[in-house]
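In: whatever this is, show me its structure:
(one chain, ligands or ions: 1)
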Amino acid sequence: MSAEDKTSRLGAVYQAGSSEDVARVYDAWAENYDQDMSLAGYRHPAISLALLCRHVPKGAGPLLDAGAGTGLIGEWLAIAGFNHVEALDISAGMLAVAGRKGIYQALHQAALGTRLPFADNQVAAIISAGVFTSGHVGVEGLDDLLRICAPGGTIILTVKDVLWQSGFSARIKELEAAGVCALIDDTGPYVSMPGEEGTTPSRCIALRVH
Ligand SMILES: C[S@@+](CC[C@H](N)C(=O)[O-])C[C@H]1O[C@@H](n2cnc3c(N)ncnc32)[C@H](O)[C@@H]1O
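Out: Residues are numbered from 1 along each chain as shown. All right, here's what the predicted structure looks like:
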């Protein structure tokens with residue numbers, strides 16, 4: 001794939017108008033995604049995994065990789081000692097690539113921001129990298145993650161700074177005041193794709209669910 005194609009894919013995702021558009025762009029990108037993100041120096045999986053290992057005991061489970069894509073994180077979660085991990089994504093094409101890697105116990109095609117196919121308190125921890133970002137999922141995706149994560153569990157999220165400043169941070173303060181969860185870690189801003197000109201900063205946070 002040419003550099004122009006890759007840039008137009010990223011641009012198309014950031015500007016997608018609906019969840020269906022997002023899924024279509026990722027379906028078409030799935031087979032080239034790992035290589036493109038590697039060339040862009042994509043850092044969210046490594047940074048979110050570091051935060052998960054700091055806050056979630058080895059072997060805890062089940063874990064949910066929310067917006068798992070092709071499973072870049074899943075490969076490393078197994079190495080880090082988490083052997084029951086389920087993947088959820090809106091794109092069937094991305095999940096198909098993840099499925100071929102044989103690293104997830106289950107694959108769920110579903111959309112964050114809607115009611116997810118899990119019971120209350122079902123998972124011990126959630127990791128979501130590169131999903132709470134422009135044109136993907138906003139703060140509305142957080143509530144159902146809080147519902148399905150067990151009390152005492154941990155949610156690790158990367159959040160694009162523009163979302164953080166425009167309501168995400170305020171929503172977390174509200175949830176803390178209501179006793180729903182606590183912000184227990186925050187990397188502060190970093191650039192997730194240093195190889196991609198114009199990438200704006202994101203941060204990675206950890207929430208402890210009460
Ligand atoms: C930048 S990729 C990140 C994938 C993977 N977490 C990683 O770090 O490589 C964003 C992923 O979010 C998924 N996605 C976007 N909107 C979604 C939604 N509403 N619900 C579930 N997944 C979504 C896309 O299909 C895509 O796989």
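In: near the ligand, which residues of the protein show up?
Out: The chain has residues 19, 22-23, 26, 44-45, 67-69, 72-73, 89-91, 94, 111-113, 129-131, 136-137 near the ligand, with proximity defined as C-beta under 6 Å from any ligand atom. From N, CA and C alone the C-beta is placed, and that goes for glycine too.
In: from those, which ones fall inside helices?
Out: Those of these mapping onto helices are 19, 22-23, 26, 44-45, 72-73, 94, per DSSP state H.
In: drop anything exposed from those residues.
Out: 19, 22-23, 26, 44-45, 72-73, 94 (16 or more other C-beta atoms under 10 Å).
In: neighbours of the nearest residue to Asp120 once chain neighbours are set aside, how many?
Out: Excluding the flanking residues, the one nearest Asp120 by C-beta to C-beta, 6 or more residues apart in numbering is Arg147, at 5.6 Å. In terms of burial, Arg147 registers 15 neighbours under the definition other C-beta atoms under 10 Å.
In: how close does Arg147 get to the ligand?
Out: Between Arg147 and the ligand the distance is 15 Å, computed by C-beta to the nearest ligand atom, to the nearest Å.
In: tell me the pLDDT of that residue.
Out: We note a pLDDT of 98 for Arg147 in this prediction.
In: again with Gly17
Out: The confidence metric pLDDT takes the value 74 at Gly17.
In: burial of it, as a residue count?
Out: Using other C-beta under 10 Å, the number of residues around Gly17 comes to 8.
In: in a strand, it, correct?
Out: No. Counting by DSSP: H, G, I helix; E, B strand; the rest coil, Gly17 is located in no strand; its state is coil.
In: tell me how far it lies from the ligand.
Out: When C-beta to the nearest ligand atom is the yardstick, Gly17 and the ligand sit 12 Å from each other.
In: now swap in Phe118 and tell me
Out: Using C-beta to the nearest ligand atom, we find Phe118 at a distance of 13 Å from the ligand.
In: next, the contact list for that residue, please.
Out: Phe118 makes contact with 64, 148, according to C-beta atoms under 8 Å, 6 or more residues apart in numbering.
In: Ile103 too?
Out: The contact partners of Ile103, by C-beta under 8 Å, 6+ apart, come to 71, 74-75, 77-78, 85.
In: contact partners for the closest residue to Phe168 other than its chain neighbours?
Out: Residue nearest to Phe168 in three dimensions, not counting chain neighbours: Val139, with 4.9 Å by C-beta to C-beta, 6+ apart. Neighbouring residues of Val139 by C-beta under 8 Å, 6+ apart: 132, 163, 167-168, 171.
In: show me which of those residues are buried.
Out: Using 16+ other C-beta under 10 Å as the burial test, the contacts of Val139 include 132, 163, 168 as buried.
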